[in-house]
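S.K.: no sequence on hand, only this structure:
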């Protein structure tokens, strides 16, 4: 417990009046000192009787960098008192998290900006609780933490890249649901439309409907495998890890939007997703790190995403191209993002071999490989891409 600025002022006034009363008579004691002392004692008793408040935090669903996150706090004490709450915000998020309200159980909101990919921990909360007169306050540090997930950036691909993904995923394009086979425990990434609410309410645990595969002997449905490989941990800059996550996310979302099932593989984990369950892949990519991919030795994947000290490349079979060459130029021009602007310059000027990056590193464009992919586009698809092939990133 400690005095507020107002409390210090009242204390100073009382001391001044007390000194004047000693020098000039007791009238100052009756007029100022006694009321001031009574107010100070009442404030001490008032704030001392309040116990530690409870706090609940409600977070928004995951989203991409550059979007806003609305955080809701519910602060409740054993009786309504003025409070000032300061939520601890990690470095991957920006914004002001200071709230002044009454601790009566009402909801208060503040807004943060999602800046960096990852799983960011918010909290603990520092609560300054004041008495009704605002003369004294108590400070509580409430160990209440939650995690907010920021997905990787996702960008639409060029028609050539869309054709490459679509044809690579051709064996899975006809994936359909089978017949209902029973219930299973909910796992991260399951579609909410498959939740069996009656069974979940009965057993106090989420269950989803299990649909068998619709594949037949002549139409086997295989997952499109995508692998991520990052070089040595002490050499690959962090921005290339983010770029690898962005490349994998963009390709995965494109494949899922076309009805393909995908299997994302790294050295430590394998994540499988079907159309409508993008979150499982995006949540994994949000936490992608060098340690989970640096020892990846998978060689039989359909698509390889590789990050080195100079570039992030994507391989479709025998053809390899720098990831920035796969970005849709129309999408690049519409984005207010430094990384995308870099990609735009590289696409507009394919003869440029290197481009200085913000972090003193170089991004190398493999123009020969890009020409190979462009020349092979007629073999990848016999039909020219339509406007519908320029898809936007989709997730709920």
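M.R.: Now that the structure is in, tell me what you want to look at. Owing to the predicted nature of the structure, the values given are computational and were not obtained by experimental measurement.

S.K.: now the longest strand belonging to the chain: mean pLDDT?
M.R.: Under DSSP state E, the strand in the chain containing the largest number of residues is strand 104-114. The average of the pLDDT scores along strand 104-114 is 93.

S.K.: residue 289 and residue 230, how far apart?
M.R.: In this view, residue 289 and residue 230 are 9 Å apart by C-beta to C-beta, to the nearest Å. Placement of C-beta: from N, CA and C, glycine included.

S.K.: tell me which of those two has more neighbours.
M.R.: For residue 289 against residue 230, the residue with the higher neighbour count under other C-beta atoms under 10 Å is residue 230, and the figures read 27 against 15.

S.K.: distance of the more buried one relative to residue 245?
M.R.: 10 Å.

S.K.: then residue 145?
M.R.: The gap separating residue 145 from residue 245 is 24 Å, by C-beta to C-beta.

S.K.: compare these two (neighbour count), which wins?
M.R.: When residue 145 is set against residue 245 and neighbours are counted by other C-beta under 10 Å, the residue ahead is residue 245, at 29 against 13.

S.K.: quick check: closest non-adjacent residue to the more buried one.
M.R.: The spatial neighbour of residue 245 that comes closest, neighbours along the chain excluded (C-beta to C-beta, 6 or more residues apart in numbering), is residue 152 at 4.0 Å.

S.K.: helix/strand/coil for the one you found?
M.R.: Under the three-state scheme (DSSP: H, G, I helix; E, B strand; the rest coil), residue 152 adopts coil.

S.K.: how far away is it from residue 281?
M.R.: Residue 152 sits 10 Å away from residue 281, going by C-beta to C-beta.

S.K.: common neighbours of the two, please.
M.R.: Counting by C-beta atoms under 8 Å, 6 or more residues apart in numbering, the shared contacts of residue 152 and residue 281 are residue 249.

S.K.: what residues are shared contacts of residue 289 and residue 230?
M.R.: Any residue near both residue 289 and residue 230 by C-beta under 8 Å, 6+ apart counts here, and that gives residue 241.

S.K.: ends of stretch 124-137, what's the gap?
M.R.: Length of stretch 124-137, first residue to last, C-alpha to C-alpha, to the nearest Å: 19 Å.

S.K.: what does the average pLDDT come to for it?
M.R.: Mean pLDDT, taken over the full extent of stretch 124-137, equals 89.

S.K.: that one: which residues count as buried?
M.R.: Residues of stretch 124-137 classed as buried under the neighbour-count rule (16 or more other C-beta atoms under 10 Å) are 124, 125, 127, 128, 129, 130, 131, 133, 135, 136, 137.

S.K.: do the same with stretch 105-120
M.R.: Residues 110, 112, 114, 115, 117, 118, 120 are the ones in stretch 105-120 that count as buried (16+ other C-beta under 10 Å).

S.K.: any chance of JSON lines for these, columns distance to residue 10?
M.R.: JSON lines is the format used below for those (distance: C-beta to C-beta, whole Å):
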{"residue": "110", "distance to residue 10": "31"}
{"residue": "112", "distance to residue 10": "37"}
{"residue": "114", "distance to residue 10": "44"}
{"residue": "115", "distance to residue 10": "43"}
{"residue": "117", "distance to residue 10": "50"}
{"residue": "118", "distance to residue 10": "47"}
{"residue": "120", "distance to residue 10": "42"}
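
S.K.: report the two of those residues separated the most.
M.R.: Put simply, by C-beta to C-beta the two of those set farthest apart are 110 and 117, 21.9 Å from each other.
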